[in-house]
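Participant: Below are the sequence and a predicted model; questions follow.
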Amino acid sequence: MELVERLLKGDKRAAARLITMVENNDPAVIAMLSEIYKYTGKAEVIGITGPPGSGKSTLTDKLTKLLRKQNKKVGIIAVDPTSPFTGGSILGDRIRMSDLNTDPGVFIRSMGTRGHLGGLALATLGAVKILDAYGLDYIFIETVGVGQSEVDIVKAADTVLMVMVPGLGDDIQAIKAGIMEIGDVFAINKADREGADRTKTEIEMMLDFNEGDWRPPVKKVVAIHNEGVETLLESIQRHRTYLEDTGELIERRSKNSEREILDLAQHSLMKKMVGTEEDKYEIKVFAEKVAKRKMDPYTISNEIVEKITNKKD
Amino acid sequence: MNRPIRVLVGKPGLDGHDRGAKVIARALRDAGMEVIYTGLRLTPEQIVQAAIQEDVDVVALSILSGAHNHLLPKVVDLLKSEEVYDEVLVICGGVIPEEDIPVLKEKGIAGVFTPGTPTQVTIDFIKENLKR
Amino acid sequence: MLKDEKLQQLKKNQENWQKNKVEKGLGKFPERKDRFATGSNEEVERLYTPVDVEDFDYEADLGFPGEYPFTRGVQPTMYRGRLWTMRQYAGFATAEESNKRYKYLLDQGQTGLSVAFDLPTQIGYDSDHALSEGEVGKVGVAIDSLKDMEILFDDIPLDKVSTSMTINAPASVLLAMYIAVAEKQGVSSVDLRGTIQNDILKEYIARGTYIFPTEPSMRLITDIFEYCSEEVPNWNTISISGYHIREAGATAIQEVAFTLADGIAYVEAAIKAGLDVDRFAPRLSFFFNSHNDLLEEVAKFRAARRIWAKIMKERFGAKNPKSMQLKFHTQTGGSTLTAQQPDNNIVRVAIQTLAAVLGGTQSLHTNSKDEALALPTEESVRIALRTQQIVAHESGVAETVDPLAGSYYVESLTNKIEKEALAYIKKIDDLGGAASAIDKGFMQKEIMDSAYEYQKQIEREERIVVGMNKFRVKEEVPKGLLKVDPTVGEMQKEKLVQLKAERNNDLVLEKLNALKTAATGSENLMLYILDAVREYATLGEVCGVLREVFGEYQQNVIL
């Protein structure tokens, strides 16, 4: 377990390589993750999401710089979509953080959504744990707030920061349905633009319907000029204190762990089911028979489940 | 293992002409690679640290300002001192005089692609010369 | 009407010709390709006739040279009066070397200087900044302080020459240094002539040498407009540039559209700053590219003039005809040159020169054949200049005004470029203007799409570039390319150490602080910058103070 030892000693290259293995669904990584698990849980995990062009990367950059002034070590996992056609992607979030590159207390990793077999959330969670064990105090997960898998990623955070911009208008209505309710803290970025106050009011009005003890604060910021970032960070940290004081942190993490256990189990079942080309071929053969009404899908699926539950790794 | 090739594409130095870097980024993406695009005005230190954190297979740099003889060997040296050069393929593109190419290759730049090189040539080069 | 009848008859005849002559013949003699297109990928018809310009109205569409809408040119006699200015952009590593070259050029009868600065200067860093390493003196002259500027123009009477400076983000600082050198020569700023590029929007879009965010950058620009309209009235305060937009991969239409959209943004900013349009607009100038598709390029220049005239008159209510004239400098297309068989580039540059001249340019830089390989040598620079001289004196195209007017193809293409550029401008207006569209990455994305499409066409050999993807030969390694002295960086650093030991550092600090305070307010910054550079505050110090107050621009990359 040379990689794990190096990781726990704070070796950047080991951390990077382990994340690569997680991303590639490398079978060897599961044992390593389970070994480092006891060293994790210390980092504060913050999900950052919001519509494209809302300035998430710039805001992450400024928050990170502020945390560095408080002597905190920071990790950033920036997730961008992979092209479904070519499997390739261009990950450009580092552009706005280039002067963090050389800070030894910062680790930035870009991830493509790829066609993750076990779901993107699992890969991201794996990366979070690696960075946690690596010794970082804060870990940001930054992703565009569209699509279920992205929502799943940020849900796994301790605190979710929603980044909005003025003048979204109807977009807020659309976003509201799926994502608004997961925000613990709201930032209205580019607040020097017209309509910032209106957007704030609109969000506040929506939050009025929220139940629960934590009222998500809505903060105006101009990330590019570093305005309001300090207050925003205070809000994020206040949310953390709230979680700890009320015991909600454990509650929330339990909920997340529950989902993670099920996801992982599902993932390994899937692997047993269609892990090899042979398995995939077998299913195809069955499928053809089912389509031709020579078999029925109910019996087949039952048989498969029975077979894999007896199958050893 | 079936995994996408990860490539860092960036522009060291102050030169702002990024047409070539962006075209190659798109071409690599369309060839199924994961491109980490790092933008303009990077120091060799920034490039190398990004390459380490991203655990890339390839570092592809574009320079048109004439600063290549200074900046590119520095990137290689830093990769070596961080002990990752053995795993990372370093290539470059841009306005590079023919007489500088052997010097750059000797210093560890595996491929030098001058204007007019089809993107497919670069793609093939990467696939054939990956270090891991 | 007789005219209508004739046109109807012509349409009919053309249809018959198409059916009887063309389509029958195509079976036996098929055309070379399924689709013919301009250099910018606009579809080209087989034949152009009066049918293609049926709404043509000579007076409204073209007018006379020197008259609205200036389609045929901004002067009544064009090159019969005076040829375009042959202005070769050149920069040498140090101020000393450049000064020598400028004096030589002036001795040869040249009256216009064109200064290229190195990248650290263009981005507001001194030569001793960490990011300057390896870049000092590489693509032009390194200027750290007034001291370098004094050397650059030593013994050159600034009231006798016109100087064009390719400088954008720190344009105010370099202009201030120029004014300060003039003061030392006893030349009043009123007598200074020249141009600063000063076009920050295209830096965000395409060229990349930006410093500050959009708003303070626009303020610095309008401060220059205001200051110069009083103090340096013969100075061209901006050169709104499509050149780099085209180099980044834009089509001809995008070049015109995005450049004019930038122009609109500057005019709006100046009006918002309280300036009268007819006071600053005559000092606006433009800078375009010239590529290989001769007729498309000619149409582009003509369309640009017509659109701008209409914008200034109709949108901004300009009264002075000079405000409506689009005057422009042209440079031949660097990205059209090939590293393969570089001598072929001489021919390309010749065609591009023809396009610029037939399009009515006011000045022209011709690229050197070896620019795809390295910085140009003296010999190749001379050939490039000779190309202009041959077009001027031997080709005959300079003997009459706008000789291609009335060509069915050229007029129809001019109309098309106008129409589509206006559609782009409308889209940009809808996005909140050029600055906002850039912020959203709109232009960058459009340009990148064109650039990528062009690259794919070349790789599929749908587009032939001679010597590059066809007609290749085995080539020798080219020899004798220009090298920049690698010790320039050290020399500049030493000069900085010396400068900081000699100057009055307290005074410098005082002036920089005054500038800082002014920058946080809304005063015109030109006077403060002038004050600081007079005391030998360095370019990096002045820009550093402004960086502190304004912050830095964040590139928006849309891939």
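Facilitator: Here it is on my side, so go on.
Participant: Now do the contacts for whichever residue of the stretch 101-250 of chain C sits closest to chain B.
Facilitator: Going by C-beta to the nearest C-beta, chain B is nearest to C:Gly208 of the stretch 101-250 of chain C, at 1.6 Å. Where C-beta positions appear, they are placed from N, C-alpha and C, glycine not excepted. With contact taken as C-beta atoms under 8 Å, 6 or more residues apart in numbering or on different chains, C:Gly208 is in contact with B:15-18, B:40, C:555.
Participant: Could you find the lowest-pLDDT member of those residues?
Facilitator: In terms of pLDDT, the lowest of the contacts of C:Gly208 is C:Gln555, showing 82.
Participant: residue contacts, that one?
Facilitator: Contacts of C:Gln555 by C-beta under 8 Å, 6+ apart are A:95, B:39-40, C:204, C:208, C:210.
Participant: would a markdown table of those with secondary structure be doable?
Facilitator: Formatted as a markdown table, these follow (DSSP: H, G, I helix; E, B strand; the rest coil):
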| residue | secondary structure |
| --- | --- |
| A:Ile95 | helix |
| B:Gly39 | strand |
| B:Leu40 | strand |
| C:Tyr204 | helix |
| C:Gly208 | coil |
| C:Tyr210 | coil |
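Participant: Pick the one among those closest to A:His225.
Facilitator: C:Tyr210 (16.1 Å; C-beta to C-beta).
Participant: Neighbours of the closest one, how many?
Facilitator: 25 (other C-beta atoms under 10 Å in any protein chain shown).
Participant: So what's the residue count around the residue in chain B that chain C sits nearest to?
Facilitator: As assessed by C-beta to the nearest C-beta, chain C sits closest to B:Gly16 within chain B, at 1.6 Å. As a burial measure, B:Gly16 scores 23 neighbours (other C-beta under 10 Å).
Participant: And the nearest residue to it once chain neighbours are set aside, how far from B:Val23?
Facilitator: Among residues not flanking B:Gly16 along the chain, C:Gly208 sits closest, at 1.6 Å (C-beta to C-beta, 6 or more residues apart in numbering or on different chains). For C:Gly208, the distance to B:Val23 equals 15 Å [C-beta to C-beta, to the nearest Å].
Participant: Likewise for B:Arg6?
Facilitator: 19 Å.
Participant: So which residue is dead centre in the chain?
Facilitator: The chain I'm using is chain A. A:Ile153 (3.1 Å; C-alpha atoms, centre = their mean).
Participant: got a list of what C:Glu371 touches?
Facilitator: Counting by C-beta under 8 Å, 6+ apart, C:Glu371 has contacts B:95, C:334, C:337, C:345.
Participant: In space, what's closest to the first one - neighbours in sequence excluded?
Facilitator: This points to B:Val95. Excluding the flanking residues, the one nearest B:Val95 by C-beta to C-beta, 6+ apart is B:Leu64, at 4.8 Å.
Participant: coming back round to it: quick one: the residue nearest to the centre of chain A is in a helix?
Facilitator: Yes. Judged by three-state DSSP, A:Ile153 forms part of a helix.
Participant: pretty sure it is in contact with A:Ala78, am I right?
Facilitator: No. Counting by C-beta atoms under 8 Å, A:Ile153 does not reach A:Ala78; the two are 11.2 Å apart.
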